[in-house]
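Student: What follows is a protein structure lacking sequence information:
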């Protein structure tokens, strides 16, 4: 009734038999004619932790938006858990988003709800039984280390704490894929490190994590797989640990180029 | 639905508490537009009543032959569908009326004999039956000829349908503009909460789940506005009409108790509907996938 219960059949394949993310010959052209992504090919396996780096306008955010179906590909395919997002009907999008958590630089919390209410909200909308909500909220708040601040409003929390609430909210529906768009862009180094550790723990629990950032220090310290974007092209796909900061902290040094794109100047 | 209704209700109350001024704006908009709609509908109903009463005056007159059988003619007239009443007017009465109408310009004494025939004045149930009744009456033995205000009747009918058409068009335009104005007013409240809608969509709220609290809020605001407006329309109508009826006796004014039991629920329902529809339209602007 009223479109609330006719949930479309929509399950991601999380068996590991198909890649968590499978992008094939992807082009993205905005309505104004600007081509944001050129012929991107990419696979991310279940349980991986991947950094997406590149300057502003390199196409990182666009790529993430395609993964939670904020944007549709102009051509090519974007598959998440075996599901072709280009074929997704409008009324199926909400159900995709329950399996794909997203966090942002600006946290995007509801200012009039407490930390716990913000997290509970993501459960309420899925029709989770009321009695189950408090325990699950407490569980994820503990995971991000905010059990003692559950009753605070976002305005009474620091930036790092707000981002932890956002992470808790994105995790409460147990997503298979967690996308983070500049999650530490507004945070001090200590908070940044907290967030990265939490994201690492999320990965260890089996969730695939994709983090877009231009914080090279973080990328260098974490030593994960790194995808380098430049002007809409995926120019490097560097395996775990192949990417590190150079001595002066101002550029990028590639030890073991793993793609034929290594000639491209960064 | 039951599991959600508590959530929806809480949302609506929170929203109204958070932006009371916006609610006042929406309620006032519905109120003013419902007032206009209410008074206009009342005017329309009265115009139609007027047109109807004018048509009542139009009747068929069947003039009889001198040797006609009055009773037989009366029986046959009564059998024609659409005839409500046939009233006999003798030649003497007709003459008296004529003399009265001429106001002394002719005198009965001047006449050697009464030139007027006996007649029946036939009242019909509706203007549409006039022509048919006239034709059938003509065929009755003993009726010499039949007269009815053909031209007047046609004009009345045209006036009546004009009133109806113009009324429906204006009511339709009023309804449309109400929806648009209300949806624009409500759009301000939705705009203020567009971030929230974005977040709801991001965490996977289904579209109808996002829409319902807004629609319910619109319905509630529409209800409040239209109940106040309907009360004002109803109150003023029942106050003014009896006074008008005393002063303007020749106009057939629709009685309050004939109009209001239909008009008031219609206005309230319309207000709720317009509020809900306006909300739906505005929230859709901010739902993008």
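Tutor: Structure received. The shown structure was predicted, so the numbers you read here are calculated from the model rather than taken from an experiment.
Student: rest of the way, CA atoms for contacts and neighbours
Tutor: Will do.
Student: so where is chain B shaky, pLDDT-wise?
Tutor: B:1-4, B:56-57, B:103-104, B:108, B:110, B:289 (pLDDT under 70).
Student: and residue B:31, how many neighbours does it have?
Tutor: 24 (other Cα atoms under 10 Å in any protein chain shown).
Student: For it, which three-state class applies?
Tutor: Three-state call for residue B:31 (DSSP: H, G, I helix; E, B strand; the rest coil): helix.
Student: Quick check: closest non-adjacent residue to residue A:212.
Tutor: residue A:52 (4.4 Å; Cα to Cα, 6 or more residues apart in numbering or on different chains).
Student: what pairs with the helix or strand in which that neighbour is found, and is each one parallel or antiparallel?
Tutor: Applying DSSP states H and E as the criterion places residue A:52 in strand A:49-53. Each strand paired with strand A:49-53, and its direction, by DSSP bridges: strand A:208-212 (parallel), strand A:225-230 (parallel).
Student: Got phi/psi on the most centrally placed residue in chain B?
Tutor: By Cα atoms, centre = their mean, chain B has its centre lying nearest to residue B:45, at 3.5 Å. Residue B:45 adopts backbone torsions of phi -60, psi -40, taken as degrees, to the nearest 10.
Student: looking at it, it is touching residue B:254, isn't it?
Tutor: Yes: assessed by Cα atoms under 8 Å, residue B:45 is found in contact with residue B:254 at 7.3 Å.
Student: And the strands in the stretch 51-200 of chain B, which stretches?
Tutor: Assigned by DSSP state E, counting those that start in this stretch, the stretch 51-200 of chain B shows strands spanning B:60-64, B:83-89, B:119-124, B:143-148.
Student: that older thread, need the strands paired with strand A:49-53 in TSV (columns: mean neighbour count and mean pLDDT).
Tutor: Formatted as TSV, the strands paired with strand A:49-53 follow (neighbours: other Cα atoms under 10 Å in any protein chain shown; pLDDT from 0 to 100):
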stretch	mean neighbour count	mean pLDDT
strand A:208-212	25	96
strand A:225-230	22	92
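Student: Residue A:193: which of the ones you listed is closest?
Tutor: Of all the strands paired with strand A:49-53, strand A:208-212 sits nearest to residue A:193, with 13.6 Å by Cα to Cα.
Student: following the strand holding residue A:52, which helix or strand shows up next?
Tutor: Next element after strand A:49-53 (DSSP H and E): helix A:60-67.
Student: what does the stretch 101-250 of chain A put close to chain B?
Tutor: Residues of the stretch 101-250 of chain A lying close to chain B (Cα under 8 Å from any Cα of the partner chain) are A:101-102, A:108-110, A:122, A:125-127, A:170.
Student: got CSV for those, with distance to residue A:67 too?
Tutor: Compiled in CSV, those are given as follows (distance: Cα to Cα, whole Å):
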residue, distance to residue A:67
A:101, 10
A:102, 10
A:108, 18
A:109, 21
A:110, 23
A:122, 19
A:125, 21
A:126, 20
A:127, 24
A:170, 15
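Student: For the residues you listed, pick the one with the most neighbours.
Tutor: Ranking these using other Cα under 10 Å puts residue A:102 first, with 29 neighbours.
Student: Look up which helix or strand that one falls in, please.
Tutor: Per DSSP H and E, residue A:102 falls inside strand A:100-104.
Student: Could you check how far the residue lying closest to residue B:33 once chain neighbours are set aside is from chain A?
Tutor: In space, and not counting its chain neighbours, residue B:33 is closest to residue B:178: 6.3 Å by Cα to Cα, 6+ apart. Remark: distance between residue B:178 and chain A (Cα to the nearest Cα, to the nearest Å) = 25 Å.
Student: now residue B:67
Tutor: In terms of Cα to the nearest Cα, residue B:67 sits 77 Å off from chain A.
Student: what's near enough to touch that residue?
Tutor: residue B:142 (Cα atoms under 8 Å, 6 or more residues apart in numbering or on different chains).
Student: again, only this time at 10 Å
Tutor: B:142-143 (Cα atoms under 10 Å, 6 or more residues apart in numbering or on different chains).
Student: Identify the residue nearest residue B:143 in space, chain neighbours excluded?
Tutor: Using Cα to Cα, 6+ apart, the closest residue to residue B:143 is residue B:64 (4.4 Å).
Student: which residues sit in contact with the one you found?
Tutor: B:70, B:73, B:90-91, B:116-120, B:140-146.
Student: again, only using 6 Å
Tutor: Counting by Cα atoms under 6 Å, 6 or more residues apart in numbering or on different chains, residue B:64 makes contact with B:118-119, B:142-144.
Student: ok, it to residue B:280 distance?
Tutor: To residue B:280, residue B:64 is 68 Å away according to Cα to Cα, to the nearest Å.
Student: Give me the neighbour count for residue 13.
Tutor: Assuming you mean chain A. Neighbours around residue A:13, by other Cα under 10 Å: 16.
Student: should've been chain B
Tutor: Around residue B:13 there are 12 residues (other Cα under 10 Å).
Student: Which stretches in the stretch 151-266 of chain A count as helices?
Tutor: A:159-171, A:189-204, A:216-222 (DSSP state H, counting those that start in this stretch).
Student: Oh, that last question was meant for chain B, not what I typed.
Tutor: B:2-18, B:20-57, B:70-79, B:91-102, B:130-138, B:150-192, B:194-202, B:207-247, B:256-286 (DSSP state H).
Student: in the last one, what counts as buried?
Tutor: The one in question is helix B:256-286. For helix B:256-286, burial by neighbour count (16 or more other Cα atoms under 10 Å in any protein chain shown) applies to B:256, B:259-260, B:263-264, B:267-283, B:286.
Student: now the angle from that helix to helix B:20-57?
Tutor: Orientation check (axes from the mean of the first three to the mean of the last three Cα atoms, to 10 degrees): helix B:256-286 against helix B:20-57 gives 140 degrees.
Student: do helix B:256-286 and chain A meet?
Tutor: No: residues of helix B:256-286 are not located near chain A by Cα under 6 Å from any Cα of the partner chain, the shortest gap being 13.2 Å.
Student: packing partners for that helix?
Tutor: Applying 3 or more Cα pairs under 6 Å, 6 or more residues apart in numbering or on different chains; DSSP states H and E, one finds that helix B:256-286 contacts helix B:150-192, helix B:207-247.
Student: Deepest-packed of those helices, please.
Tutor: helix B:207-247 (a mean of 20; mean count of other Cα atoms under 10 Å in any protein chain shown).
Student: Residue of chain A closest to chain B, please.
Tutor: residue A:94 (4.0 Å; Cα to the nearest Cα).
Student: Pick out the residue closest to the middle of chain A.
Tutor: residue A:179 (0.7 Å).
Student: Tell me how far that residue lies from residue A:144.
Tutor: Look at residue A:179 and residue A:144: by Cα to Cα, they are 16 Å apart.
Student: Equivalent analysis for residue A:180, please.
Tutor: Residue A:180 is 15 Å from residue A:144, by Cα to Cα.
Student: Might you report the residue contacts of residue 152?
Tutor: Using chain A. By Cα under 6 Å, 6+ apart, the neighbours of residue A:152 are A:114-115.
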